[in-house]
Each structure stands twice: as C-alpha cells, then as structure tokens.
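Enquirer: Predicted coordinates and the sequence they were generated for:
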Amino acid sequence: MNSSKLPSISGSTLKIIAIISMLIDHTGAAVIRPLRSALPPDAFALQQFLNTLYPLMRGIGRLAFPIFCFLLVEGFLHTRSAARYAGRLFLFALISELPFDFALANRLFSNHHQNVYFTLLIGLLVMMGISFFEQKTAQNAFQYWGYVLLEALVAAGGLLLAKYMYTDYGFKGVLLIEVLYFLRSDRRIQAVLGAVTISWETWAPLAFVPIWFYNGQRGRQMKYFFYWFYPAHLILLGFIKLAITGNFQI
C-alpha cells in the first residue's frame, strides 16, 4: 500500500476531534440526562428518542480522554519547560473545578469528583518524575535496578494520588498516561496496548484509530483556546442544565 495515500492527522486535528467528542459527552451528561427526567409523562416519543440518544452521546464522548492523554505525552516529550506545562495544567484545573461541579454535579463545589485537568496534571508529574530517573546514568546493576524501582514508585504514587483525589477517570486514567509514555518509542504498540488499557470504557479504544494516523506535526496553534474551552463549555452547559431543572445547591 502506498503510504502517501494514508490519512495524516496533526496534533491540532486530534485536539479538535477530542473537544467535539467531549462536548457531545458533556451535553449528554449535563443536558440530555436531566431533560429526560423533566419531561412530562405524555411525552413518550421524545422520551424514547432521548433514551436512545443519551447512551450514544456518552459513547462518542469516550473518545476524548485517550486522545487528550496521548497529546499530553506528546506535549511532555516536546515541551521546552515541563514545569511551565505543569503550571498551566494546575491553573486550569483550579479554574475548571467549579464549572465542572456546576455542570456535572449540580452544585458549586463537590469533593467527590475532580475535573480531568487534575488527572492530566498527575500524569504529567509522573512523567516528569520517571524522566528524571531515566536520565540518570547507572554505574552498576544495583544502581540501575534502584532507578527502575524509583520509577515504579513514582508510577504507583501517581495511581494512588488519582484514586484518593477522585479525579476524572481516577487511577485508570493515570495508568493510561503511564502506558502511553512507556511505549512512546513505537506508535503501533503504543496504540494497541493503549486501546487495551482503556478497554474497560466501551467505545474508548476507538480513539486510537485517529491516533494511529498522527503525523507528529503540531498543526494549527490555538493553545489557549483548547485550555479555555473546557471551563467555558462547562459553564454554558451548567446554565442550560439549571434552566431545565431549576435545581442547584451550593
């Protein structure tokens, strides 16, 4: 097969696929789900339509997270400053938490589920820690296996932190980031085992189809658009949900 005929997808195109998928997912969770409950009993046809639409939207939404994880790994491998990268993720994790709870938890603050920026931040910190020990030069076998053990402890620490912080996708989300990072040298193996790692989420493995065709190019640069889109769309969906339900808790 002529490789020039194969699709070629840039990083910015992957981001657009991810945010459209995420928007569909969050619209299902924040708008369609409460709308089903708010319908009058005689709206049977509409109820049936929404009952069919809702799982479809949530399924499409499963594609977003694996793509964001893949792009996080790519971003870490090519960033000039991992510390500044982590700082941006932390800032937007804080900015997004209230909109996340507003749209998806029906309250202004909930400590039972933290937004996805926290998951990505933990994944980035894990990669920074592992990379630090990977760059160490071992003088003997004992030192080599010591560094390997420290890398494993960093990876395990990230899983535990995500679990007990109740971040979006939890420890399984950080595990996916770790798998993608460790397999970064071979795209095909990375995509296949990444799909296996996220296979507990129906539809999510399909995200590795566009990832397979990633061409290594950043594409169009709209960095802060992608950062701001997350809290902005949650605020909008939160107000739509509030208009439907009229129910909100501080």
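Expert: Structure received.
Enquirer: Next, the contact list for the residue positioned nearest the centre of the chain, please.
Expert: Nearest to the mean C-alpha position of the chain, by Cα atoms, centre = their mean, lies Phe65 at 3.2 Å. Going by Cβ atoms under 8 Å, 6 or more residues apart in numbering, Phe65 touches 116, 168-169, 173, 176, 198, 201, 204, 207. Placement of C-beta: from N, CA and C, glycine included.
Enquirer: Save those residues as JSON lines, and put in distance to Thr52 too.
Expert: As requested, those are exported to JSON lines (distance: Cβ to Cβ, whole Å):
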{"residue": "Val116", "distance to Thr52": "27"}
{"residue": "Asp168", "distance to Thr52": "26"}
{"residue": "Tyr169", "distance to Thr52": "26"}
{"residue": "Gly173", "distance to Thr52": "28"}
{"residue": "Leu176", "distance to Thr52": "29"}
{"residue": "Ile198", "distance to Thr52": "25"}
{"residue": "Glu201", "distance to Thr52": "20"}
{"residue": "Ala204", "distance to Thr52": "21"}
{"residue": "Ala207", "distance to Thr52": "23"}
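Enquirer: between those residues, which is nearest Asn140?
Expert: Leu176 (33.8 Å; Cβ to Cβ).
Enquirer: Show the model's pLDDT score for that closest one.
Expert: Looking at Leu176, its pLDDT is 98.
Enquirer: Now do the helix or strand containing it: which elements does it pack against?
Expert: Assigning secondary structure by DSSP states H and E places Leu176 in helix 170-182. Packing partners of helix 170-182 (3 or more Cβ pairs under 8 Å, 6 or more residues apart in numbering; DSSP states H and E): helix 64-78, helix 116-134, helix 141-165, helix 187-197.
Enquirer: mean confidence for the second one?
Expert: Model confidence over helix 116-134, given as mean pLDDT, is 97.
Enquirer: got it, and the shortest one?
Expert: Along helix 187-197, the predicted confidence averages to a pLDDT of 96.
Enquirer: okay, and for the chain, where does confidence drop off?
Expert: Along the chain, the model assigns pLDDT under 70 to residues 1-6, 247-250.
Enquirer: For Ala141, give its distance to Gly61.
Expert: Look at Ala141 and Gly61: by Cβ to Cβ, to the nearest Å, they are 47 Å apart.
Enquirer: How far does stretch 40-58 sit from its chain's centre?
Expert: 27 Å (Cα atoms, centre = their mean, to the nearest Å).
Enquirer: Could you shift the numbering so residue one becomes 478, and keep it that way?
Expert: Happy to do that; since the first residue is 478 now, the last one works out to stretch 517-535.
Enquirer: May I have it as PDB, with CA atoms only?
Expert: Taking Å, rounded to 0.1, in the frame of the first residue of the first chain, the C-alpha atoms of stretch 517-535 are listed here in PDB:
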ATOM      1  CA  PRO A 517     -44.000  15.200  31.200                       C
ATOM      2  CA  PRO A 518     -45.400  11.600  31.300                       C
ATOM      3  CA  ASP A 519     -47.200  12.000  28.000                       C
ATOM      4  CA  ALA A 520     -44.000  12.900  26.000                       C
ATOM      5  CA  PHE A 521     -43.500   9.200  25.300                       C
ATOM      6  CA  ALA A 522     -42.000   9.600  21.800                       C
ATOM      7  CA  LEU A 523     -39.500  12.300  22.900                       C
ATOM      8  CA  GLN A 524     -38.600  10.200  26.000                       C
ATOM      9  CA  GLN A 525     -37.800   7.200  23.800                       C
ATOM     10  CA  PHE A 526     -35.700   9.400  21.400                       C
ATOM     11  CA  LEU A 527     -33.700  10.800  24.300                       C
ATOM     12  CA  ASN A 528     -33.300   7.300  25.800                       C
ATOM     13  CA  THR A 529     -31.700   6.300  22.600                       C
ATOM     14  CA  LEU A 530     -29.700   9.500  22.100                       C
ATOM     15  CA  TYR A 531     -28.200   9.600  25.600                       C
ATOM     16  CA  PRO A 532     -26.000   6.500  25.600                       C
ATOM     17  CA  LEU A 533     -24.900   7.300  22.000                       C
ATOM     18  CA  MET A 534     -23.700  10.700  23.100                       C
ATOM     19  CA  ARG A 535     -21.900   9.200  26.100                       C
END
